[in-house]
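**Q** prediction below, plus the sequence it came from.
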Amino acid sequence: MIVSETIKLATDRDWSQALLQLIPDAIHGAIAGATTIVAHPEAKRSLHMSTGALAVDNESRVVASVAAARRLPMAAVRVIMDPAGRQLPAAALASVRKNGTIAP
């Protein structure tokens, strides 16, 4: 499930189950879709509390929205580099503009 303040988009159950079989130690749960980078632990905790999501990203909601509009199956796999208790390192944000776009 991909969730935000305004939408809930289901992932494909069969694809999700197949991925869980293929990826050792994978954890299955909702992903919160954000429009900006969520870097601070307090913001991550707040998103978890309001959505129940286990992770947050900026891409899955866009892909899930396109898939839903076209009635295509979709699943999301994320590798978490910044757990909820850790602030995203400054180096990871160095090339991100205030509007969330990348400045190469």
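**A** Nice, I can see it. Numbering: from 1, shown residues only.

**Q** from here on, contacts and neighbour counts on C-alpha atoms
**A** Noted.

**Q** give me the low-pLDDT residue ranges for the protein?
**A** Along the chain, segments meeting pLDDT under 70 span 100.

**Q** the helices in it, which residues?
**A** 13-22, 41-51, 60-69, 90-93 (DSSP state H).

**Q** closest to Ala34 out of those?
**A** In terms of CA to CA, the element of those nearest to Ala34 is helix 60-69, at 7.7 Å.

**Q** now do that closest one: distance to the chain's middle.
**A** Chain-centre distance of helix 60-69: 12 Å, with CA atoms, centre = their mean, to the nearest Å.

**Q** try stretch 93-104
**A** Stretch 93-104 sits 18 Å away from the centroid of its parent chain (CA atoms, centre = their mean).

**Q** could you export that stretch as PDB, CA atoms only?
**A** Extracted C-alpha coordinates of stretch 93-104, given in PDB (Å, rounded to 0.1, in the frame of the first residue of the first chain):
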ATOM      1  CA  LEU A  93      20.700  16.700   0.800                       C
ATOM      2  CA  ALA A  94      23.600  18.700  -0.600                       C
ATOM      3  CA  SER A  95      22.300  18.600  -4.200                       C
ATOM      4  CA  VAL A  96      18.600  19.000  -3.300                       C
ATOM      5  CA  ARG A  97      16.900  22.400  -4.000                       C
ATOM      6  CA  LYS A  98      14.300  23.700  -1.500                       C
ATOM      7  CA  ASN A  99      11.500  22.600  -4.000                       C
ATOM      8  CA  GLY A 100      12.800  19.000  -3.900                       C
ATOM      9  CA  THR A 101      14.400  19.000  -7.400                       C
ATOM     10  CA  ILE A 102      18.000  17.900  -7.900                       C
ATOM     11  CA  ALA A 103      20.700  20.400  -8.600                       C
ATOM     12  CA  PRO A 104      23.500  18.300 -10.200                       C
END
